[in-house]
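> A structural model of the following input is requested.
(chains A, B, C and D)
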2 protein chains.
Amino acid sequence: MTKKEKLLHQSLKLIHEKGFKATTIRDIAASMDCDVANVYNFIDSKQGLLESHLFSINEEFHLRFDEINNSSFEPIEKIKRIVGIYIDLTFAKPYQASLLVNEWRHLKEPKLSRFIKEREKFEIKVKKLIKQGIKDGSIRKVDVDIATYTLLSSVRWLFNKVASGNLKVNRIEVEKQLLDFVLCGLTV
Amino acid sequence: MTKKEKLLHQSLKLIHEKGFKATTIRDIAASMDCDVANVYNFIDSKQGLLESHLFSINEEFHLRFDEINNSSFEPIEKIKRIVGIYIDLTFAKPYQASLLVNEWRHLKEPKLSRFIKEREKFEIKVKKLIKQGIKDGSIRKVDVDIATYTLLSSVRWLFNKVASGNLKVNRIEVEKQLLDFVLCGLTV
DNA sequence: TAAATTTATCAACAAACGTTGATAAAAATA
DNA sequence: TATTTTTATCAACGTTTGTTGATAAATTTA
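Numbers count the residues shown, from 1 in each chain, chains lettered A, B, ... in the order given. Reported below is the predicted structural model:
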């Protein structure tokens, strides 16, 4: 692991734990046992660090999302696989997933607006999937907005448990249980 | 509305929008059009402001939660009503609900540990409810941990929509749709 | 080995931060 | 009205913040 990779990893961990605003350059320097000024050999600015972290994971997710969304699978199968890639990504990169949920609001304009716009476009695509599922009879006649927000929200605890190592079951079982929950609910 | 009430309201709104660390005393002063030093006629410290906001809403929720949990309703009925009071509270106090989700980590010791401990106790109670529901046959044989985290997480988008006024349906319909989701899932 | 590039060290900057003290105006109480 | 309490104003404090410049050591390349 090069020094730059270590910096990226440590900064991700710190931002996940303390939040972007509460994480100082001095924190990052201390975590990798180097001088404060030395950090700037690897990054341009603190803000730029956040941007690169956020947009790399954001692009990765949306690329994989679009692969599924542009396929000819049934809506319900698309939704299953989208949950799947979110779980995949969260297990592979829990800290980045954390930033995607919690820290994007510390972006500055115009990057902030760009991020929000991409997020809204993504939400609209999910809503469309649910509408199609209702139309073809595979999904109940739910309120599309509420179902979308609840669906997207229901997986947003996972990165915390993965990051802290407090997860007893493996990736496959998480996917099984989560899909059962969002498709069938709690009751028998 | 007294000046102190206005301060509490404005600070809540700002902390919800920008986050606790990104909200400065000068922001709060500006939002209520008064001098910076003037703020300290109403609060002891910025940290104390966060603490009072957090613990008042936290206590309110846990009091109402325990009322239900200590009743003799069936587990599944308890879960329904717990979702109900969360929705209630979120509609009544969306900004406080936001802080409860996003800003508690900026508490300092020993308040931070106290908050986390109360949160863990709450989670254990919910897990117990799900276990009982599985035992009495009203809940599927789910993984208790995953079901608990997913259940609790699934309602955590609501405060955002209520706070921003971007919610087309009313409180009752939200409750109906959310309960359908967590009990029956998306599929027919 | 010589030159060039990368990494490390030190001190310091300007700006933004939470907070305070002294004091004046305004409002409430007696 | 006189007195007490509440609210407002101004300037300033000590820290912490992100960031920079000059320079030395270490490493890589030629």
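> Let me see the ranges of the strands in chain A.
Assigned by DSSP state E, chain A shows no strands.
> residues contacting whichever residue of it sits closest to DNA strand C?
Proximity to DNA strand C, evaluated over chain A using Cβ to the nearest atom of the strand, is greatest for A:Ala37 at 2.9 Å. For the C-beta atoms, the positions are set from N, CA and C on the backbone; glycine is no exception. For A:Ala37, no residue meets the contact criterion (Cβ atoms under 8 Å, 6 or more residues apart in numbering or on different chains).
> Tell me the spacing between the residue lying farthest from the centre of chain A and chain B.
Distance to the chain centre peaks in chain A at A:Asp35, reaching 31.4 Å (criterion: Cα atoms, centre = their mean). In this structure, A:Asp35 lies at 25 Å from chain B, with Cβ to the nearest Cβ, to the nearest Å as the measure.
> quick one, phi psi at that residue?
Taking degrees, to the nearest 10, you get phi -70, psi 150 for the backbone angles of A:Asp35.
> Need the per-residue pLDDT for the most centrally placed residue in chain A.
Here the mean C-alpha position of chain A is nearest to the C-alpha of A:Ala97 (Cα atoms, centre = their mean), at a distance of 3.5 Å. If you check A:Ala97, the pLDDT there is 98.
> Near DNA strand D, which residues of chain A? Just list them.
Chain A has residues A:23-26, A:36-37, A:39-40, A:45-47 near DNA strand D, with proximity defined as Cβ under 7 Å from any atom of the strand.
> picking up where we left off before, show me what contacts the residue nearest to the centre of chain A?
When the contact criterion is Cβ under 8 Å, 6+ apart, the partners of A:Ala97 are A:57, A:89-90, A:158-159, A:162.
> Tell me where the model's unsure across chain A.
Low-confidence segments of chain A, defined by pLDDT under 70, are absent; every residue clears the threshold.
> domains in it, as residue ranges please.
According to automatic domain parsing, chain A is divided into the following domains: A:1-43, A:46-184.
> Ends of the last one, what's the gap?
When the termini of domain A:46-184 are compared using Cα to Cα, to the nearest Å, they are 44 Å apart.
> With the shortest one instead?
Separation of the first and last residues of domain A:1-43 by Cα to Cα is 17 Å.
> So the residue of chain A closest to DNA strand C versus B:Ala37, what's the distance?
Distance of A:Ala37 to B:Ala37, computed by Cβ to Cβ, to the nearest Å: 35 Å.
> what about the helices in chain A?
For chain A, applying DSSP state H gives helices covering A:3-18, A:25-31, A:46-69, A:75-92, A:94-102, A:111-135, A:144-154, A:158-164, A:171-184.
> Specify the angle between the last one and helix A:75-92 in degrees.
Orientation note: helix A:171-184 sits at an angle of 140 degrees relative to helix A:75-92 (axes from the mean of the first three to the mean of the last three Cα atoms, to 10 degrees).
> gap between helix A:171-184 and the chain center?
Once both centres are worked out by Cα atoms, centre = their mean, to the nearest Å, helix A:171-184 turns out to sit 17 Å from its chain's centre.
> same for it, what does it pack against?
If you count contacts as 3 or more Cβ pairs under 8 Å, 6 or more residues apart in numbering or on different chains; DSSP states H and E, helix A:171-184 packs onto helix A:75-92, helix A:144-154, helix B:144-154, helix B:171-184.
> Report the buried residues of it.
Residues of helix A:171-184 classed as buried: A:171, A:174-175, A:177-184 (neighbour count, 16 or more other Cβ atoms under 10 Å in any protein chain shown).
> Equivalent analysis for the second one, please.
Of the residues in helix A:25-31, those scored as buried under the neighbour-count criterion (16+ other Cβ under 10 Å) are A:25, A:27-29, A:31.
> Likewise for the third one?
By 16+ other Cβ under 10 Å, the buried positions in helix A:46-69 come out as A:46, A:49-51, A:53-55, A:57-58, A:61-62, A:64-65, A:68-69.
> Same question for the fifth one.
The neighbour-count check on helix A:94-102 (16+ other Cβ under 10 Å) flags A:94-102 as buried.
> still on that earlier bit, between the contacts of A:Ala97, identify the one with the most neighbours.
When neighbours are counted as other Cβ atoms under 10 Å in any protein chain shown, the busiest of the contacts of A:Ala97 turns out to be A:Thr90, with 27 neighbours.
> out of the buried residues of helix A:25-31, who's nearest DNA strand D?
DNA strand D has its nearest neighbour among the buried residues of helix A:25-31 in A:Ile25, at 3.9 Å by Cβ to the nearest atom of the strand.
> What's the separation between that closest one and chain B?
The separation that A:Ile25 has from chain B, given Cβ to the nearest Cβ, amounts to 15 Å.
> Quick check: that residue touching A:Val39?
Yes - counting by Cβ atoms under 8 Å, A:Ile25 does reach A:Val39; the two are 5.5 Å apart.
> returning to that earlier point: and the domains of chain A: which comes nearest B:Pro75?
Closest of the domains of chain A to B:Pro75 is domain A:46-184, at 16.7 Å (criterion: Cβ to Cβ).
> Cool, thanks, talk later.
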